[in-house]
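In: This is the structure alone, sequence omitted:
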């Protein structure tokens with residue numbers, strides 16, 4: 001041992017392994033979970049509407065109602081699952097249950113052919129699937145807390161990698177098993193992809209794999225903290241948290257609709273599905289490294305700073321798209337989607353972790369998803385559709401970009417600045433983490 005040192009190299013390395021090896025192992029398991037979970041989403045969400053319209057023959061309004069069942073159901077069940085996880089402290093087990101229920105829900109959709117059956121089946125799927133992501137976020141932040149805030153971004157980046165591989169890899173797999181109808185994948189008498197129902201089995205298998213991975217996650221320590229009965233009411237008195245919920249809601253109101261209608265915008269400029277696919281590739285490829293460094297020391301940003309960058313980047317993206325004269329001018333700004341996801345997704349998750357007591361982390365993340373993803377997404381999609389009908393395909397991007405830019409500019413006055421609890425104990429009162437509004 002060197003002179004003046006408190007411990008020698010052997011003791012130091014032993015202490016490091018004792019403290020960090022379980023967290024590193026958990027990070028690897030979480031990365032695998034995110035990969036499988038988002039791989040399932042990468043197969044399901046881009047193609048489910050096409051499956052409903054072409055393979056099941058549903059009308060446009062029927063497709064819209066089926067898709068709306070996901071966020072509508074999520075609004076009711078997300079906080080319930082969050083409160084159950086916090087009361088029992090069994091967050092990892094509930095994550096495995098939600099993943100397994102989602103897998104069963106995806107598989108069950110293969111048995112429905114009528115509108116009523118698919119509507120009921122999608123609602124049943126949403127009972128589980130809409131709560132997987134907020135529960136996964138709360139589990140990840142609990143088990144990775146000793147590794148610092150950047151660890152969450154690194155693990156989450158594997159989800160984007162899984163989504164990218166699924167988006168790119170499933171169509172060739174589908175055509176290998178079931179060739180498309182006609183030389184261009186078009187048929188006047190049937191669906192363009194006769195075997196598209198295979199997507200449901202692939203999605204179910206990926207989610208089943210995620211459920212098995214979730215069973216290996218740690219079940220003790222910070223992830224097992226329990227809330228008292230009625231403890232969730234504390235969130236309504238938490239001023240920084242209330243403001244975050246409003247900011248997340250407004251962000252989704254401004255930005256979700258333009259993203260949902262993006263293919264229609266591209267088509268209005270003369271682009272086809274191949275153009276949309278290439279643009280998505282640009283978005284996802286840059287999202288992976290950006291997620292991996294979000295929250296890390298090199299950026300020197302707190303949760304509010306990440307939120308501001310994420311919202312501002314997406315605002316700039318949609319403003320450039322709305323004002324671009326051609327498709328070619330839009331390609332370069334698609335990289336901003338990765339900046340937006342890395343900043344907003346990681347920033348909002350870290351903000352909740354900073355201002356909400358550990359025993360309420362699942363409820364806190366679930367309510368943010370309920371208000372933002374579900375309610376905000378519904379409002380945004382409806383508003384974007386009205387703008388599209390009355391003012392043309394550029395209007396959702398233009399209005400969303402302007403609204404998000406104003407929100408990003410006002411963010412320092414809307415949200416208190418908080419510090420992520422890098423080494424906080426098992427639980428910390430909210431008041432000790434929230435700093436005054438500057």
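Out: Yes, it's here. Treat the numbers as computed from the prediction; the structure is a model and nothing was measured.

In: all contacts plus neighbour counts: C-alpha atoms, from now on.
Out: Noted.

In: Now residue 194: which helix or strand?
Out: Residue 194 is located outside every helix and strand, with elements delineated by DSSP states H and E.

In: do the same with residue 257
Out: Counting by DSSP H and E, residue 257 is part of helix 239-260.

In: which other helices and strands contact that helix?
Out: On a contact count with 3 or more CA pairs under 8 Å, 6 or more residues apart in numbering; DSSP states H and E, helix 239-260 meets helix 303-323, helix 335-355, helix 361-369, helix 377-391, helix 395-414.

In: Rounded mean pLDDT for the first one, please.
Out: Averaged over helix 303-323, pLDDT sits at 92.

In: in that helix, what counts as buried?
Out: 303-322 (16 or more other CA atoms under 10 Å).

In: just to revisit the earlier point, what's the closest of the helices and strands packed on helix 239-260 to residue 163?
Out: helix 335-355 (13.2 Å; CA to CA).

In: Check the offset of that closest one from the chain's centre.
Out: How far helix 335-355 lies from its chain's middle: 10 Å, per CA atoms, centre = their mean, to the nearest Å.

In: who's in contact with residue 285?
Out: Each residue near residue 285 by CA atoms under 8 Å, 6 or more residues apart in numbering is listed here: 164, 338.

In: could you pull out the helices for the stretch 101-250 of the chain?
Out: 115-129, 132-143, 150-177, 198-214, 239-260 (DSSP state H, counting those that start in this stretch).

In: got JSON lines for the ones you listed, with distance to residue 390 too?
Out: As requested, the helices of the stretch 101-250 of the chain are arranged in JSON lines below (distance: least, CA to CA, whole Å):
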{"stretch": "helix 115-129", "distance to residue 390": "29"}
{"stretch": "helix 132-143", "distance to residue 390": "35"}
{"stretch": "helix 150-177", "distance to residue 390": "32"}
{"stretch": "helix 198-214", "distance to residue 390": "35"}
{"stretch": "helix 239-260", "distance to residue 390": "15"}
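
In: just those: most buried one?
Out: Of all those, helix 132-143 carries the top mean neighbour count, a mean of 25, counting by mean count of other CA atoms under 10 Å.

In: how far off helix 198-214 does that helix point, in degrees?
Out: 20 degrees (axes from the mean of the first three to the mean of the last three CA atoms, to 10 degrees).

In: Test for you: state the pLDDT assigned to residue 171.
Out: Residue 171 is given a pLDDT of 82.

In: From residue 416, how far out is it?
Out: Distance of residue 171 to residue 416, given as CA to CA, to the nearest Å: 45 Å.

In: ok, so what distance separates residue 139 from residue 393?
Out: Counting by CA to CA - residue 139 and residue 393 are separated by 40 Å.

In: follow-up on the earlier one: so how far is the helix holding residue 257 from its chain's centroid?
Out: In terms of CA atoms, centre = their mean, the centre of helix 239-260 is set 13 Å apart from its chain centre.

In: just checking, what packs against the helix or strand following that helix?
Out: For helix 239-260, the succeeding helix or strand toward the C-terminus, using DSSP H and E, is helix 262-268. Applying 3+ CA pairs under 8 Å, 6+ apart, one finds that helix 262-268 makes contact with helix 273-293.

In: Where does pLDDT dip in the stretch 101-250 of the chain?
Out: 149, 180-192 (pLDDT under 70).

In: Out of the helices of the stretch 101-250 of the chain, flag the one nearest residue 358.
Out: Nearest of those (CA to CA): helix 132-143, 7.8 Å.

In: Distance of residue 356 relative to residue 330?
Out: 39 Å.

In: Can you pick out the residue with more neighbours from those two?
Out: Comparing residue 356 with residue 330 by other CA atoms under 10 Å, the one with more neighbours is residue 356, at 26 against 18.

In: My understanding was that that one contacts residue 362; is that so?
Out: No - counting by CA atoms under 8 Å, residue 356 does not reach residue 362; the two are 9.6 Å apart.

In: what sits against residue 250?
Out: 372, 376, 407.

In: From those, which shows the smallest pLDDT?
Out: Least confident entry in these, by pLDDT: residue 372, with 86.

In: State the distance from it to residue 100.
Out: Distance from residue 372 to residue 100, by CA to CA: 25 Å.

In: and if you look at residue 107?
Out: Using CA to CA, we find residue 107 at a distance of 11 Å from residue 100.

In: higher neighbour count, those two?
Out: Neighbour comparison, residue 107 and residue 100: the larger count goes to residue 100, with 23 against 20 (by other CA under 10 Å).

In: ok and the helix or strand where the more buried one lies relative to helix 132-143, angle-wise?
Out: Under the criterion of DSSP H and E, residue 100 resides in helix 91-108. Angle, helix 91-108 to helix 132-143, by the same axes, to 10 degrees: 160 degrees.

In: Which other helices and strands does helix 91-108 contact?
Out: helix 115-129, helix 132-143, helix 198-214.

In: May I see those arranged in CSV, with distance to residue 254 as well?
Out: Compiled in CSV, the helices and strands packed on helix 91-108 are given as follows (distance: least, CA to CA, whole Å):
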stretch, distance to residue 254
helix 115-129, 24
helix 132-143, 21
helix 198-214, 30
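
In: Noted, bye for now.
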